[in-house]
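Student: quick one, what's the 3D model for this:
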Amino acid sequence: MNENALVPRDSDEVVMSLTAKDVSRQVQLIQEVMTAVMKEDEHYGVIPGCGKKPSLFKAGAEKINLVFRHRAIMSGENDIKIVNSPNGHREVFVKCHMINMRDMEMATGVGSCSTMESKYRYRQDSDYEDTGEAIPKDSKEKKREYRAKGLGMKNVDGQWLWVRYLKTEKVENPDIADTYNTVLKMAKKRAYVDGTITASGASDFFTQDIEDLAKSEAQGAKAEPAKPHTPVQRKSETTPGPDGIKTATGHIIDQKPKNKGGFCEYAIEGFIKENGKPMFFSTRDTIIIETLDERRAGGEKVSLEYKENENPAFAAAITGLLMVKEEIGAAQPGD
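Tutor: Down below sits the predicted model:
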């Protein structure tokens, strides 16, 4: 029998199998964690077109491993393998060993990621013409009017202007090396989630880590020659919720390097200060930074909760991230 099937009991005895009561208790524990700790669309969520069973996200996997006291080990050439391909492309293969408190390997998760995946391989290339008009400072109605005509923002010679996008198409990413770190992290995440589901016996509740595959396939469908599109009105919740929390949704259009305090700042399409300059959102949460960087590298939208700084000269503070449910195939101006 595979030694990975050995399961420690409450005593020092190690048995070869679980009793029906043990299995029932483990299933009940996962259900309790899902109900009391995990949140839908944050720790797990149903991916459109991938069945009714929810997909487990990395944040949810971390909660499950915390409950079962499992730790992940990914190290050495045997666990992380990088295969280089022509034109600077590469594929990363990762094994993730899930170890329990008694240093027993409960499962080995596997995952891979490649720069040939559509969201890394391609970029949006847009032709545009300058309208000659600066972004309105206080006219939201005019902004909506411009968007209805297919206009968007672009940094032209250091000044943010409204431009008219004439054609948008997908082209090969000329800076493919910029995605190497993201691809490595994505492969590790996929292996981690796979190992978590196997080690905890949670496959009754969750699918494998397919949310990235679903996104990749959706963007692969967009790799076809672009067709004229109708601009989609982006959600921009400006009415403060509890504790002054607001929501910002859109593509990341600019990013400042991490400062000495560990903070990263991001600018999101459509959010402008009264002086016409882009509004920045700040965080030093490593998980949020990693997620925002991955979404920017993949050309995906982000949706974040934030609280404005009392001093308008400083960036707004990011308080959390939300899931973004985009319409498959919808191209956005300014991508």
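
Student: so, low pLDDT: which residues of the chain?
Tutor: Counting by pLDDT under 70, the ranges of the chain that qualify are 1-18, 48-50, 125-126, 134-149, 152-160, 162, 165, 167-168, 208-243, 323-335.

Student: tell me which stretches of it form helices.
Tutor: 20-36, 58-68, 118-121, 140-148, 180-200, 211-221, 286-297 (DSSP state H).

Student: for the shortest one, packing partners?
Tutor: Contacts of helix 118-121 with other secondary structure elements, assessed using 3 or more C-beta pairs under 8 Å, 6 or more residues apart in numbering; DSSP states H and E, are made with helix 211-221. For every residue, glycine as well, the C-beta is placed using N, CA and C.

Student: how about a markdown table for the helices of the chain, with mean neighbour count and distance to residue 101 added?
Tutor: Below are those laid out as a markdown table (neighbours: other C-beta atoms under 10 Å; distance: least, C-beta to C-beta, whole Å):
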| stretch | mean neighbour count | distance to residue 101 |
| --- | --- | --- |
| helix 20-36 | 13 | 15 |
| helix 58-68 | 19 | 9 |
| helix 118-121 | 22 | 37 |
| helix 140-148 | 14 | 55 |
| helix 180-200 | 23 | 12 |
| helix 211-221 | 17 | 30 |
| helix 286-297 | 17 | 24 |
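
Student: take these and write them to JSON lines, including distance to residue 131.
Tutor: Output for the helices of the chain, formatted as JSON lines (distance: least, C-beta to C-beta, whole Å):
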{"stretch": "helix 20-36", "distance to residue 131": "50"}
{"stretch": "helix 58-68", "distance to residue 131": "42"}
{"stretch": "helix 118-121", "distance to residue 131": "30"}
{"stretch": "helix 140-148", "distance to residue 131": "8"}
{"stretch": "helix 180-200", "distance to residue 131": "34"}
{"stretch": "helix 211-221", "distance to residue 131": "29"}
{"stretch": "helix 286-297", "distance to residue 131": "26"}
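
Student: ok, for residue 128, nearest residue in space, not its chain neighbours?
Tutor: Excluding the flanking residues, the one nearest residue 128 by C-beta to C-beta, 6 or more residues apart in numbering is residue 163, at 4.3 Å.

Student: count the neighbours of that neighbour for me.
Tutor: By other C-beta atoms under 10 Å, 24 other residues sit near residue 163.

Student: give me the distance between it and residue 270.
Tutor: Residue 163 sits 14 Å away from residue 270, going by C-beta to C-beta, to the nearest Å.

Student: please apply the same query to residue 66.
Tutor: 37 Å.

Student: same check, this time on residue 86
Tutor: 39 Å.

Student: between those two, who's got more neighbours?
Tutor: Taking neighbours as other C-beta under 10 Å, residue 86 and residue 270 compare with residue 270 leading, 21 against 5.

Student: which strand residues bridge the residue lying closest to that one once chain neighbours are set aside?
Tutor: Among residues not flanking residue 270 along the chain, residue 250 sits closest, at 5.1 Å (C-beta to C-beta, 6+ apart). Here residue 250 shows beta-bridge partners residue 302, assigned using DSSP bridges.

Student: what count of nearby residues applies to residue 250?
Tutor: The burial count for residue 250: 20, using other C-beta under 10 Å.

Student: residue 70 and residue 102 touch, don't they?
Tutor: No - with contact defined as C-beta atoms under 8 Å, residue 70 does not count as touching residue 102 (11.1 Å).

Student: of these two, which one has the most company?
Tutor: Between residue 70 and residue 102, counted using other C-beta under 10 Å, the more crowded position is residue 70 (21 against 12).

Student: let me see the contact set for that one.
Tutor: 64, 98-100, 106, 196, 199-200 (C-beta atoms under 8 Å, 6 or more residues apart in numbering).

Student: rerun at 7 Å
Tutor: 98-100, 106, 199 (C-beta atoms under 7 Å, 6 or more residues apart in numbering).

Student: roughly how far does the closest residue to residue 109 other than its chain neighbours sit from residue 46?
Tutor: Closest residue in space to residue 109, ignoring its immediate chain neighbours: residue 195 at 2.5 Å, by C-beta to C-beta, 6+ apart. Separation of residue 195 from residue 46 (C-beta to C-beta) stands at 22 Å.

Student: what of residue 60?
Tutor: Distance from residue 60 to residue 46, by C-beta to C-beta: 13 Å.

Student: okay, buried residues for stretch 98-116 please.
Tutor: Across stretch 98-116, burial judged by 16 or more other C-beta atoms under 10 Å covers 98-100, 105-109, 111-115.
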